[in-house]
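Peer 1: this one's sequence-less:
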C-alpha cells in the first residue's frame, strides 16, 4: 500500500476515535438526551471496509453507527446536531444517535432494530440490480443480528438473485451484557452458514485495519465482478459500555483482564505504532491530524449547540403515514 492510503486509513480511524471521545466527555452536560452507542475499539472495520467503496455505493448500519457514518463520509455537523436533537440534524433532530442518514454520500441510514437493515439493504441491492446500476450495497450488522430470521432469508434471496450486497458482521462478543456463549452454540459458524446459502464468505482480524481492508477488497471485487453477494466477519471489542459514554467493567459481565487484553489490540494505537516504526508517518503529522480533528469537532459541537430545536408544528412531518382527517 502507498503511504497516502496508509495515512488515510489512520486518519479516518483517529477521527472516529477523537469524535467519540469528545462526545463521551460532553455527554454529562445533559444536553444530548438521546442514548449513544459508541464504537471505540471497533473503528478498523468501518474504515477498512468503507475505504474500498465509491461515493455512490450504498451503506446501511445499526445502532452502533457513528463509525460507519463518518467512514462513509457523513456530515459531522449534521451528526452532532442530530445527537443534540436539533433541527439542523440529519433527521431534523427527531431520530438521535441511532438514526443517522446522509444521502449526499449514499449513507441510507441506520436503525436500532436488531437486523432491521439487513432485509432493507438486500432490497436496495435488488433495486440497483433491476436498474442496471453498478453499485455495491454494504450492510453493517452486529453478530447478534445473525440470530434473526431475516438474516437467513436475506442470504437466501441475495444468493438466488446474485445481488451486489456485502454483509459485514462485527462480533464484539456481547449482546448488551449477554456473552456469545449464552446466545449461540459453540459449534455454530456463521461463515459456514453463509457458505451454505451459496454466499462468498471470509473472515479477518477486526482490530487490524490493513487486514480488514484486504478482506473487504477481495469481497467487493467478487461483487463488482458480478459473482453475487458476500459475507465477511470480524472479531473486535467495544471499549465503553453497551449504551452510554462510560465504562461498565465493574458490572461483572466481562472480566477486567479480558478488557485489558483487548486494549492492547487497540486498532488506532497499534496502527499508529506500526506507521511510526516503518516511518510511514511522523509525530508532527499525527499532531497536525489531532489538531485538525479537534478543531472540526469543536466547530460541529458549536454548530449543534447554536442550532434551534425542531418546531412543535413539525412533529408529524417527515413520516410516511398521513394524518387522518375527521369526517
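Peer 2: Here it is on my side, so go on. These numbers were taken from a predicted model, which means no experiment stands behind them.

Peer 1: buried residues in the helix or strand residue 119 falls within?
Peer 2: Using DSSP states H and E, residue 119 falls within helix 117-130. For helix 117-130, a neighbour-count test (16 or more other Cβ atoms under 10 Å) marks 117, 118, 119, 120, 121, 122, 124, 125, 126, 128, 129 as buried. (C-beta placed from N, C-alpha, C; glycine too.)

Peer 1: I'd like to know which elements that helix is packed against.
Peer 2: Helices and strands in packing contact with helix 117-130 are listed as strand 58-61, strand 107-110, strand 137-142, helix 149-161, strand 165-171; criterion 3 or more Cβ pairs under 8 Å, 6 or more residues apart in numbering; DSSP states H and E.

Peer 1: wait, which of the buried residues of helix 117-130 is closest to residue 184?
Peer 2: residue 118 (17.0 Å; Cβ to Cβ).

Peer 1: for the most centrally placed residue in the chain, phi and psi?
Peer 2: By Cα atoms, centre = their mean, the chain has its centre lying nearest to residue 68, at 3.0 Å. When quoted as degrees, to the nearest 10, the phi and psi of residue 68 stand at phi -60, psi -40.

Peer 1: can you tell me which residues contact it?
Peer 2: 46, 50, 59, 61, 107, 110, 140 (Cβ atoms under 8 Å, 6 or more residues apart in numbering).

Peer 1: Now the two most distant members of the residues you listed.
Peer 2: 50 and 110 (13.7 Å).

Peer 1: Which residue ranges of the stretch 1-150 of the chain form helices?
Peer 2: Chain-ordered helices for the stretch 1-150 of the chain, with DSSP state H, counting those that start in this stretch as the definition, fall at 3-26, 43-50, 66-71, 76-83, 117-130, 149-161.

Peer 1: name the helices or strands packed onto the second one?
Peer 2: In this case it means helix 43-50. Using 3+ Cβ pairs under 8 Å, 6+ apart as the contact test, the elements touching helix 43-50 are helix 3-26, helix 66-71, strand 137-142, strand 165-171, helix 209-224, helix 267-277.

Peer 1: Next, format the ones you listed as TSV and append distance to residue 187 and mean pLDDT.
Peer 2: Converted to TSV, the helices and strands packed on helix 43-50 look like this (distance: least, Cβ to Cβ, whole Å; pLDDT from 0 to 100):
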stretch	distance to residue 187	mean pLDDT
helix 3-26	34	98
helix 66-71	30	98
strand 137-142	21	98
strand 165-171	16	98
helix 209-224	24	98
helix 267-277	29	98
